[in-house]
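Asks: all I have is the shape, not the residue letters:
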């Protein structure tokens with residue numbers, strides 16, 4: 001998510017100024033400004049600090065959560081089914097949705113005890129991709145803490161906006 005009251009860095013500027021965090025894995029981010037409003041998503045796959053693949057996109061009328069989910073979907077679609085990889089997202093909601101809640105929702109016919117599932121179309125799509133790639137692990141990473149590749153994914157999402 002873009003930081004308010006700060007100039008958004010470009011992906012190139014992030015590479016020049018950020019050096020911390022893991023050098024392997026897939027990093028995803030989504031943003032929307034205002035929320036709801038125009039949004040973007042971005043992802044980058046790195047191995048040993050080198051970019052293997054990346055992508056970003058735009059939606060003219062969306063929400064932060066939809067863009068976080070879309071970033072994950074777009075990344076998962078590019079990942080092989082037979083690789084051990086870690087996907088990092090700074091959205092606890094997305095990570096918990098896939099790692100903790102989606103299996104139960106699916107068993108109950110995609111229903112929750114407390115009401116409808118938000119963004120169900122994207123949740124179903126992402127969960128199917130995650131199940132098809134059992135060796136890919138989805139993990140939460142803190143947002144805006146200077147982690148190079150998470151900041152890079154943030155910059156890609158902002159550039160998509």
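Replies: Good, I have the coordinates. Not measured: the values here are computed from a predicted model. Residues are numbered from 1 along each chain as shown.
Asks: tell me where the model's unsure across the protein.
Replies: Residues of the chain that meet the criterion pLDDT under 70 lie in 1-6.
Asks: closest to the centroid, which residue in it?
Replies: When CA atoms, centre = their mean is applied to the chain, the residue found nearest the centroid is residue 28 (3.2 Å).
Asks: and that residue, that's in a strand?
Replies: Yes. Under DSSP: H, G, I helix; E, B strand; the rest coil, residue 28 falls within a strand.
Asks: chain neighbours aside, what residue packs nearest to it?
Replies: residue 71 (3.9 Å; CB to CB, 6 or more residues apart in numbering). The C-beta positions use only the backbone N, C-alpha and C, and glycine is treated the same way.
Asks: quick check: what element follows the top strand by length along the chain along the chain?
Replies: For the chain, the strand with the greatest residue count under DSSP state E is strand 50-62. Downstream of strand 50-62, the first helix or strand assigned by DSSP states H and E is helix 64-78.
Asks: pull out the buried residues from that following helix.
Replies: Neighbour-count burial for helix 64-78, counted by 16 or more other CB atoms under 10 Å, picks out 64-76.
Asks: and the contacts of that helix?
Replies: 1, 26, 28-32, 35, 39-43, 45, 53, 55, 57, 59, 87, 89, 91, 93-94, 98, 118-119, 122-123, 125-126, 129-130, 133, 136, 138, 153, 157 (CB atoms under 8 Å, 6 or more residues apart in numbering).
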